[in-house]
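# here's a sequence, model it:
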Amino acid sequence: DDAEEARAFFRDVLEFPYVDVHGGWLIFKLPPAELGIHPAGDPGSAAPSGYHELYLMCDNVEEAVADLTAKGVELTSAVEDQGFGQLVRLRVPGAGEIGLYQPKHTTAYGLEG
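Predicted structure coming up:
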């Protein structure tokens, strides 16, 4: 709904590195990422078929939550154990919500190749 507000959040609050490609259009460098693919109709998921969701990962969700709330970030859920990790949701001003979690599973982002 408000790209400028969302860009400011990722730039100023989460402090993601970025380049300005023209007139304030920011492209952000993302932290290491992983992709997990779940089957359609997975009984353990309430997500509809064709649904995608982005989660940021952290090493310690409690520390991350303390840091984010000190910066004025609005949490939209409590930290919850989801089996795969400890998950919290936060509001991205102008752009809905995003998940942040501390994984309990083996991660893939450090793999070579």
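# so how far is the least confident helix or strand in the chain by mean pLDDT off the chain centroid?
Every helix and strand in the chain was compared by mean pLDDT, DSSP states H and E; the lowest is strand 55-57, with a mean of 91. The offset between the C-alpha centroid of strand 55-57 and the centroid of the whole chain comes to 4 Å, using Cα atoms, centre = their mean, to the nearest Å.
# mind giving me the packing neighbours of that strand?
The criterion is 3 or more Cβ pairs under 8 Å, 6 or more residues apart in numbering; DSSP states H and E, and the helices and strands that strand 55-57 contacts are strand 97-103. C-beta here means a position set from N, CA and C on the backbone, and glycine is covered the same way.
# can you list the strands that the strand it packs on pairs with?
Each strand that pairs with strand 97-103, with its direction, by DSSP bridges: strand 55-57 (parallel), strand 85-91 (antiparallel).
# quick revisit: what angle separates the following helix or strand past the least confident helix or strand of the chain from strand 97-103?
Reading on from strand 55-57 to the C-terminus, the next helix or strand found by DSSP states H and E is helix 61-70. For helix 61-70 against strand 97-103, the angle by axes from the mean of the first three to the mean of the last three Cα atoms, to 10 degrees is 150 degrees.
# may I see the buried residues of helix 61-70?
Neighbour-count burial for helix 61-70, with 16 or more other Cβ atoms under 10 Å as criterion, is recorded at 61, 64-65, 68.
# what does it contact?
Counting by Cβ atoms under 8 Å, 6 or more residues apart in numbering, helix 61-70 makes contact with 13, 58, 75, 79, 85-88, 90, 100-102, all of which sit outside it.
# and that helix, how far from the chain's centre?
Centroid separation for helix 61-70 versus its chain: 13 Å, with Cα atoms, centre = their mean.
# the helix or strand where Leu26 lies packs against which elements?
Counting by DSSP H and E, the element that carries Leu26 is strand 25-28. Judged by 3+ Cβ pairs under 8 Å, 6+ apart, the packing partners of strand 25-28 are strand 18-22.
# partners of the strand it packs on, with directions?
For strand 18-22, the pairing partners within the sheet under DSSP bridges are strand 25-28 (antiparallel).
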